[in-house]
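Participant: For reference, the sequence and a predicted model appear below.
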Amino acid sequence: MLYNKLDETANGVYIISATPFKESGVLDIESTKRLVDFYIEKKVDGITILGVMGEAQKLTVDESELFLATVLKQVDARIPVIVGVSNAGIDNLVSLSNISMDHGAAGVMIAPPGGIGTEEKLYNYYANIFEKLGDDTPVCYQDYPFFTKSEISVETFNKMVSEFKQLVMLKHEEWPGLNKLSKVRASSEKGDVRRVSILTGNGGLFLPQELQRGADGAMTGFAYPEMLVEVVKLHKQGNIDEAEDLFDAYLPLVRYEQQPGLGLAIRKETLHRRGVIDSPKARDPGPSLSGEDNAELTRIIERVKENLK
């Protein structure tokens, strides 16, 4: 079944899915199905797969297709699915995009290749992609310079929005980046450029402020997606202080999950403890938690539970 394609009105929480592996390192298909149902039970608005925290770079082409096909079949058009297709090779990127859309994806997410250099080169890279994808594949631009080492100015992003109608969403995770978010949103509010959806990453660490700056929601993989969903819902209702109070109750765990290089292991261990995935395994070379890390995580989760009482 084909879900309605992604467009500029997308909002809410598009959870970044983990990729479950067995202890042997092979894909865990049953855990993947259970993970999809877990996310939907927690009332996320969409799922994004094969992102950075989804360990996409560690999968073979065949594994990527198997994983996306499994997720899309399990979702069964209940919510939209965005597929991360980032690849320095444009033909590879276009091929995975076409496979994703054929399986029923709502759109694709594309980050610039690492260290692409000038903004002119970045613009030309995307212009080439949009031409090869055609008009029927909606695109989310992933702005994650911490990982890609490639930056884009508001002016260049707005130029792309004006010239390429397929560009319907910005995944904003520049850090610090609140002022950039404000400038992108102000451009559309003044009528200078088409309004696109803005969903924010960075593990949700700045979600309350990002929503107040005009973000439409979150695209991150925090292991308690129900918190993200409720914070966005409360904010939409105008209950800004209540939204921030709820966020603050989870802040110790949000912060702990933000550790560079270790955050993926923390997220997967938390999902494992919640009974969602059978193993917290991150594919090699990947992080794992020490006994001390696990003890800290236990204490932090218990503190969060106390905060919610």
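Facilitator: Received it, and whenever you're ready, just let me know what you need.
Participant: Could you point out which residue ranges in the protein have low pLDDT?
Facilitator: Scanning the chain for pLDDT under 70 picks out 1-3.
Participant: At which residues are the helices of it located?
Facilitator: Remark: helices assigned in the chain by DSSP state H are 29-41, 61-75, 90-102, 119-133, 145-148, 154-163, 178-189, 207-212, 225-236, 240-256, 263-273, 291-307.
Participant: Select, out of those, the one closest to residue 81.
Facilitator: Closest to residue 81 of the helices of the chain is helix 61-75 (C-beta to C-beta; 5.6 Å). C-beta coordinates here come from the backbone N, C-alpha and C atoms, glycine included.
Participant: Any chance of the helices of the chain in TSV with mean neighbour count and distance to residue 15 as columns?
Facilitator: Shown next, in TSV, are the helices of the chain (neighbours: other C-beta atoms under 10 Å; distance: least, C-beta to C-beta, whole Å):
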stretch	mean neighbour count	distance to residue 15
helix 29-41	18	5
helix 61-75	18	12
helix 90-102	18	17
helix 119-133	16	24
helix 145-148	15	19
helix 154-163	17	24
helix 178-189	17	20
helix 207-212	21	13
helix 225-236	20	5
helix 240-256	17	14
helix 263-273	21	11
helix 291-307	13	18
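Participant: Distance to residue 219 for those helices - can I get that in TSV?
Facilitator: Output for the helices of the chain, formatted as TSV (distance: least, C-beta to C-beta, whole Å):
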stretch	distance to residue 219
helix 29-41	13
helix 61-75	16
helix 90-102	16
helix 119-133	19
helix 145-148	14
helix 154-163	16
helix 178-189	13
helix 207-212	11
helix 225-236	10
helix 240-256	15
helix 263-273	14
helix 291-307	22
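Participant: Nearest to residue 6 among these would be which one?
Facilitator: Per C-beta to C-beta, nearest to residue 6 of the helices of the chain: helix 90-102, 10.5 Å.
Participant: Let me know the angle separating that closest one from helix 61-75.
Facilitator: If you take axes from the mean of the first three to the mean of the last three C-alpha atoms, to 10 degrees, helix 90-102 sits at 20 degrees to helix 61-75.
Participant: what helices or strands is helix 90-102 leaning on?
Facilitator: Using 3 or more C-beta pairs under 8 Å, 6 or more residues apart in numbering; DSSP states H and E, the elements in contact with helix 90-102 are helix 61-75, strand 81-84, strand 107-110, helix 119-133.
Participant: now with 6 Å?
Facilitator: Packing partners of helix 90-102 (3 or more C-beta pairs under 6 Å, 6 or more residues apart in numbering; DSSP states H and E): helix 119-133.
Participant: For the helix it packs on, which outside residues touch it?
Facilitator: With C-beta atoms under 6 Å, 6 or more residues apart in numbering as the test, helix 119-133 has contacts from 90, 94, 97, 112, 116, 156, 164, 166.
Participant: Kindly indicate which of those lies nearest residue 179.
Facilitator: Proximity of the contacts of helix 119-133 to residue 179 (C-beta to C-beta) peaks at residue 156, which lies at 16.2 Å.
Participant: Check the gap between the nearest residue to that closest one once chain neighbours are set aside and residue 158 for me.
Facilitator: Distances taken as C-beta to C-beta, 6 or more residues apart in numbering place residue 119 nearest to residue 156, at 4.8 Å, with adjacent residues excluded. Residue 119 is 12 Å from residue 158, where distance means C-beta to C-beta, to the nearest Å.
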